[in-house]
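Peer 1: Compute the structure for the input listed below.
(4 chains)
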There are 2 protein chains.
Amino acid sequence: MAEAAIAITNELPVPGNVPVSPKRMAIVAAAGKLFVGNGFGATSMDAIAAEANVSKRTVYSHFDNKEALFAGVMEEACTSQRGEEGCPLNCDADITAVPPKEMLHQVALHVLTIITAQQTTELFRVVMGESGRFPELGRTFWDNGPGWVLETVTDYLGAATAAGLLNVDDPKKAARQFFGLMVDPIKLELTLGLRGEPTAAEVETMSADAAEAFLKIYG
Amino acid sequence: MAEAAIAITNELPVPGNVPVSPKRMAIVAAAGKLFVGNGFGATSMDAIAAEANVSKRTVYSHFDNKEALFAGVMEEACTSQRGEEGCPLNCDADITAVPPKEMLHQVALHVLTIITAQQTTELFRVVMGESGRFPELGRTFWDNGPGWVLETVTDYLGAATAAGLLNVDDPKKAARQFFGLMVDPIKLELTLGLRGEPTAAEVETMSADAAEAFLKIYG
DNA sequence: GTCTATAAAGGGATAGAC
DNA sequence: GTCTATCCCTTTATAGAC
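Peer 2: A predicted model of the protein is given here:
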């Protein structure tokens, strides 16, 4: 009986067998669209309910208030954009089998492809704008994005140095420098709306430049 | 008669003999405080008028609408924070007389001191959050901040290479790399509220590291 | 769980006197 | 330029029926 009810109200089970209400998903999707488009303060719960084709009372039955809904949207967005699977540093193969230049190039390619995407930029804007008022939001974003990259690269640089492929004295500092060489100031220009998403060729060039510059420091 | 009226209504003339209404200044200051604290969408014109101890009608007599007021706040904030005067690249002395390492160190120190300040971070958050909806705002911020730094550093790197002090083939690209080595990912951590303003000693270390790393690439 | 209806408050913008 | 007073609309959140 209980299982039948779950089957009816949850048409789209997600991996891990966690049942997610389709109405809840619609609300989160609608809220995400409107928060990104209009900002947090200028988005009304009315508009979210209308966009989700759901009554306002239903919104409040899933989320206690506007802030909780915002947090839900960001959690969803962050986890759906992590993209760990495609990362060259996240495979099972021996990372020291690939030349560092090639490895760093691939990592930069992966990271830049994700963070220069239009959708990422729009999410980024909202997170930046609201992280002053939602401290936990900044932490969630960091852990699911830049923080994860830094950690992963730090580990790689340590391993590559241990294998004699690189000459990195402080892997943490070096990872931060590589991060800076990759993303700046392109990320800033994108966020400020001063340029559009780069082409694949441009991303390729930026990645190669970042890897090359990094190797001149630690090669 | 007209001069007398100006003298009465403008108690605080600014350098350049441009008279600025004290009420207008109060409005801009109040709006800046509230926009930073609550975001653009969640800040009301009522609240701004109250914070400025001014009637709402007075706000509308100085700024046509909320957007115009926001633009005014950002223009003021950007110009007041440029800090060009203290920049080592903006003095009259011969820039090639100083060793590049020392010069880059001083530049990084100057830039990092400005952009890691609490006030800058708070402004930065608002600009990021709203630049999707106010394209001109992103441009204004860029021109008065990062864009100016990049341009200035690009010029310096070209001059230093011409003088035989550096070996920079592409000054524009190199300036962007120096920018990345300086500000990332500390700027991101600050914006996300994950850490507080660094100490003077930390800024000093970051500046030295950036200059040192850059010279390993182009020294 | 979901809806319609509504309460209670606050939003942007304006009119007209001084 | 500045103020008081106000229009008209939208907001968040809740009540009560189904």
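
Peer 1: Every contact and neighbour count from this point should use C-alpha atoms.
Peer 2: Noted.

Peer 1: For chain A, what lies in contact range of DNA strand D?
Peer 2: A:41, A:43-47, A:56-57, A:60, A:65-66 (CA under 7 Å from any atom of the strand).

Peer 1: Tell me which residues touch A:Ala159, please.
Peer 2: A:Thr96 (CA atoms under 8 Å, 6 or more residues apart in numbering or on different chains).

Peer 1: actually A:Thr79, not the one I wrote
Peer 2: A:Asn144.

Peer 1: Point me to the helix or strand that includes it.
Peer 2: Element membership for A:Thr79, per DSSP states H and E: helix A:66-81.

Peer 1: near DNA strand C, anything from that helix?
Peer 2: No: judged by CA under 7 Å from any atom of the strand, helix A:66-81 stays clear of DNA strand C, getting no closer than 14.4 Å.

Peer 1: Can you list the buried residues in that helix?
Peer 2: A:66, A:69-74, A:77-78 (16 or more other CA atoms under 10 Å in any protein chain shown).

Peer 1: Stretch A:150-168 too?
Peer 2: Those would be A:150, A:153-154, A:156-161, A:165-168, for stretch A:150-168 by 16+ other CA under 10 Å.

Peer 1: Which one of those is nearest to DNA strand D?
Peer 2: DNA strand D has its nearest neighbour among the buried residues of stretch A:150-168 in A:Leu150, at 36.2 Å by CA to the nearest atom of the strand.

Peer 1: Tell me how many other residues surround the residue lying closest to the closest one once chain neighbours are set aside.
Peer 2: Closest residue to A:Leu150 apart from its sequence neighbours, by CA to CA, 6 or more residues apart in numbering or on different chains: A:Ala175 at 5.9 Å. Residues lying near A:Ala175 (other CA atoms under 10 Å in any protein chain shown) number 24.

Peer 1: What helix or strand is A:Ala175 located in?
Peer 2: helix A:171-183.

Peer 1: Select the longest helix from chain A.
Peer 2: helix A:200-218 (DSSP state H).

Peer 1: What pLDDT does the model give A:Gln81?
Peer 2: pLDDT, A:Gln81: 79.

Peer 1: give the contact list for A:Ala175.
Peer 2: A:Ala175 touches A:150, A:153-154, A:157, counting by CA under 8 Å, 6+ apart.

Peer 1: Show me which residues of chain A are close to chain B?
Peer 2: A:37-42, A:122, A:125-133, A:135, A:138-139, A:142, A:176-177, A:179-185, A:191-194, A:213-214, A:216-217 (CA under 8 Å from any CA of the partner chain).

Peer 1: just the buried members of the residues you listed?
Peer 2: A:37-40, A:122, A:125-133, A:138-139, A:142, A:176-177, A:179-185, A:191-194, A:213-214, A:217.

Peer 1: give me the number of residues near A:Glu84?
Peer 2: Neighbour tally, A:Glu84, other CA under 10 Å: 17.

Peer 1: meant to ask about A:Glu102
Peer 2: For A:Glu102, using other CA under 10 Å, the count is 13.
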